[in-house]
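J.: quick one, fold the following:
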Amino acid sequence: MILYKIIAIQFLIMSGTIVIFDFSEKSNLQNWKVVDDGVMGGVSSGNFSVNKNGNGVFSGGVSLDNNGGFSSLRYNTNKTTFDNQTTFKIRLKGDGKKYQFRVKSNSRDRHSYSFTFSTNGNWQEIEIPFSKMKAVFRGRNLDMDNFAGNQLEEISFLIGNGKAEKFEILIDFILAI
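T.: This next block holds a predicted model:
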């Protein structure tokens, strides 16, 4: 399975695909960080690790206590520029809940570009066109153009469905195609 994955990723790179992150048992998680609603007084709790199968595992619990309600996982990609790529492709296995995939063109921007997707409990390949990612700030849509797709400095996964809930999402890879 691992050899197949290596060959498949090499083929994707040759075809113009940009590998943003490909998880394995030896993944360096240094640029990944969990940011919960504790930044505003909440008590939600997210965790991030790599499991024995080499998948990133973002899990925890969302609490509405103290006006909280979200947990997020962020990755600093450094500056990644896109030429002909128009879509993010993510292989993941969720728990049947809705999540947001967010990106920032510049890590210093206050706003993100967000796309909400549903998981079904099985492995899925989610495709997110850049043009469908809406500008948001603190959960509110902004009157700005959607993600232009010129460059990327940060990606994140966020769960905040307006209810207290446990969550777990496994991530295999994140590509720009």
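J.: going forward, measure contacts and count neighbours with C-alpha atoms only.
T.: Noted.
J.: any idea how far Phe88 is from the nearest residue to Val103 once chain neighbours are set aside?
T.: Among residues not flanking Val103 along the chain, Ile155 sits closest, at 4.3 Å (CA to CA, 6 or more residues apart in numbering). According to CA to CA, to the nearest Å, Ile155 stands 11 Å off from Phe88.
J.: now do Val136
T.: 18 Å.
J.: and for Ser27?
T.: Separation of Ser27 from Phe88 (CA to CA): 20 Å.
J.: so which of those two has more stuff around it?
T.: Phe88 (21 against 14; other CA atoms under 10 Å).
J.: least trustworthy helix or strand in this structure by mean pLDDT?
T.: For the chain, using mean pLDDT, DSSP states H and E, the weakest element among its helices and strands is helix 2-14, scoring a mean of 55.
J.: quick revisit: which secondary structure element contains the residue nearest to Val103?
T.: strand 151-159 (DSSP states H and E).
J.: repeat that for Val34.
T.: Using DSSP H and E, Val34 falls in strand 32-36.
J.: helices and strands around that strand, which ones?
T.: strand 45-50, strand 71-81 (3 or more CA pairs under 8 Å, 6 or more residues apart in numbering; DSSP states H and E).
J.: out of those strands, which is closest to Asn146?
T.: strand 71-81 (16.8 Å; CA to CA).
J.: can you spell out which helices and strands pack onto that closest one?
T.: strand 32-36, strand 45-50, strand 56-62, strand 151-159.
J.: moving C-terminal from that strand, which element do we reach first?
T.: Following strand 71-81 in sequence, per DSSP H and E, is strand 87-93.
J.: wait, Gly46 touches Ser72, no?
T.: Yes: at 7.3 Å, Gly46 counts as touching Ser72 under the criterion of CA atoms under 8 Å.
J.: burial measure for Leu158, as a count.
T.: Residues near Leu158, counting by other CA under 10 Å: 21.
J.: how much space separates it from Leu29?
T.: Taking CA to CA, one finds Leu158 at 17 Å from Leu29.
J.: same check on Thr119?
T.: 24 Å.
J.: these two: who's more crowded?
T.: Per other CA under 10 Å, whichever of Thr119 and Leu29 has more neighbours is Thr119, with 17 against 13.
J.: rewinding a little: shared neighbours, Gly46 and Ser72?
T.: Val34, Val35, Asp36 (CA atoms under 8 Å, 6 or more residues apart in numbering).
J.: wait, which of the residues you listed is closest to Gly61?
T.: For these, the nearest to Gly61 is Asp36 (9.9 Å; CA to CA).
J.: so what's the nearest residue to the closest one once chain neighbours are set aside bridging to?
T.: Spatially, and ignoring its direct neighbours in sequence, Asp36 is nearest to Ser71 (4.3 Å; CA to CA, 6+ apart). Beta-bridge pairing for Ser71 (DSSP bridges): Asp36, Ile159.
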